[in-house]
Each structure stands twice: as C-alpha cells, then as structure tokens.
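**Q** Dropping the sequence and predicted coords here.
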Amino acid sequence: MFNLNKKHDSTPPGKEDRVPPGQYLTDKLPVMHYGNVPQYEDVAQHWDLRVWGELDAPMTFRFAEFRALPCCEVVTDIHCVTRWSKLDTRWEGVRFSAFVAALPPLKPSARFVLAHCEQGYTANVPLEVLLQPQALLAYKYEGEELTPEHGYPLRLLTPGKYFWKSAKWLRGIEFLSEDQLGFWERYGYSNHADPWQEERYAE
C-alpha cells in the first residue's frame, strides 16, 4: 500500500526548517487509507458521533448538533509516514478543546483518546496532544466540505504527528485512562509518530 522508497524532487529553498527529515514536499493531498470509502446517503439522518469512556456520562451528537458547535479555522503543515509533506493546509471544524468543553466533565483519569472510525479503524492519541490549539475535529479543507476520500463528514486533525493519527470517517471518541494501541500501531507503526524524530515504526 505504501512505498517509502520512491524518489522525489528536493525541497525548495527556504522551507527546509518546516520539513521533517526524510520528507519531500507536495502540492497535492494524496489519498491514502485502509478499507473502502464510506458512502452516506443522508448524513443528517444516519450519521452521529458517540462519546464515551472516562467522562461523567456518555453523549451522542447527531449531524446537525455537531455542526452547531463553534467553528474555527486552523492552518498547519501535515506530514505523512509515506514521506510526503504539505505546508500551510487550511482546515475548518470544531477545536477539540471546545468539543471537550461541550461534553459532560471528563474524569481526572482521562489521559488518552481512542478515535473510532468506520470499518473498525482506530487511532490513539494522548489527550494532552488533542488539547493543543491546532487539534481539530475537521469537516472542511481549503474552504470546501471534505471529500469522501479525505474523510467526509468528519476527521481528526492531530498536530505534530504523522498524518495517520488524523483519522478519517470519525464516528466515536473514547476517553481512556490507559493508552490503547490503534489500528496501525497494532501492525508495527510507532505509537508516538513524531515526524521530526522519524518515528515511523515501533522499535
């Protein structure tokens, strides 16, 4: 699925300090995912986002309820484990910290998040990472609704991590007291996924 050895053009001058080791720049947003692309005939009726785990009570957002939450824009660089990077990408959605504020209170034991997506895909992220200002529950990219291939109607945007941690087709947020490996982490990818440390695979 992934080719980590393909050669590409060098990074343009002046942008080297924003490109992690082993990465190359692209102007495109490549499509990479596990499984088939979900199709939704009527998200208003058939899509929801469940929240459970280490919080006072579980909660479910229907599509309209989620879209009524405060929206913001985030501009950030993204880095894929397959070695491409794209600078100054523009996303819109609900800041994760604002999302947490709309939930029943988290328990003091809440330290990790497991994102649950269509087809059983999961991605794990420390809660402290998702409370950073650039962490987003995103539904627009470059001013347009996400396309199905890029995660419509909702995806995670996880700052400072390889892009597989920004899980697509989000359907659930589980707050955990202990870390639990996500899909790719169970198959040998790094749990930390720091592109600046080239943490692609588990040691």
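**A** In hand now; what should we look at?
**Q** Okay, and Leu87 sits in which element?
**A** According to DSSP states H and E, Leu87 maps onto strand 84-95.
**Q** what do you get for Ala138?
**A** strand 136-141.
**Q** Parallel or antiparallel, list what pairs with the strand holding Leu87.
**A** strand 24-25 (parallel), strand 72-79 (antiparallel), strand 136-141 (antiparallel) (DSSP bridges).
**Q** quick one: Asp48 from Glu41, how far?
**A** 15 Å (CB to CB, to the nearest Å). In this view, the C-beta of every residue, glycine as well, is placed from N, C-alpha and C.
**Q** ok, the two, which is more surrounded?
**A** Each of Asp48 and Glu41 had its neighbours counted (other CB atoms under 10 Å), and the higher figure belongs to Asp48 (14 against 6).
**Q** Bridging across strands, which residues link to the more buried one?
**A** Bridge pairing for Asp48 - DSSP bridges - gives Arg62.
**Q** gap between it and Asp56?
**A** To Asp56, Asp48 is 20 Å away according to CB to CB.
**Q** Repeat that for Thr26.
**A** 43 Å.
**Q** So these two - more neighbours on which side?
**A** Shown here are Thr26 and Asp56; by other CB under 10 Å, Thr26 has more neighbours (15 against 10).
**Q** re the thing from before, just checking, what packs against the next helix or strand after the strand holding Leu87?
**A** Once the chain leaves strand 84-95, the next helix or strand it forms, by DSSP H and E, is helix 96-101. Contacts defined by 3 or more CB pairs under 8 Å, 6 or more residues apart in numbering; DSSP states H and E place helix 96-101 against strand 136-141.
**Q** Mean confidence (pLDDT) on the strand it packs on, please.
**A** The predicted model assigns strand 136-141 a mean pLDDT of 98.
**Q** if we can go back for a sec, show residues contacting the strand holding Ala138.
**A** 29, 66-67, 72, 74, 89-96, 99, 145-147, 150-157, 170 (CB atoms under 8 Å, 6 or more residues apart in numbering).
**Q** For ChimeraX, write the select line for the buried members of those.
**A** The ChimeraX selection below is limited to those of the contacts of strand 136-141 classed as buried (16 or more other CB atoms under 10 Å):
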select :29,66,67,74,91,92,93,94,95,96,99,146,150,151,152,153,154,155,156,157,170
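**Q** Do you have the helices of the chain handy? List them.
**A** Per DSSP state H, the chain carries helices over the ranges 43-46, 63-67, 96-101, 127-130, 183-186.
**Q** Pull the contacting residues for the residue nearest to Pro38 when sequence neighbours are not counted.
**A** Counting by CB to CB, 6 or more residues apart in numbering, Pro38 lies nearest to Glu118, which is 4.5 Å off, once chain neighbours are set aside. Going by CB under 8 Å, 6+ apart, Glu118 touches 35, 38, 169, 171.
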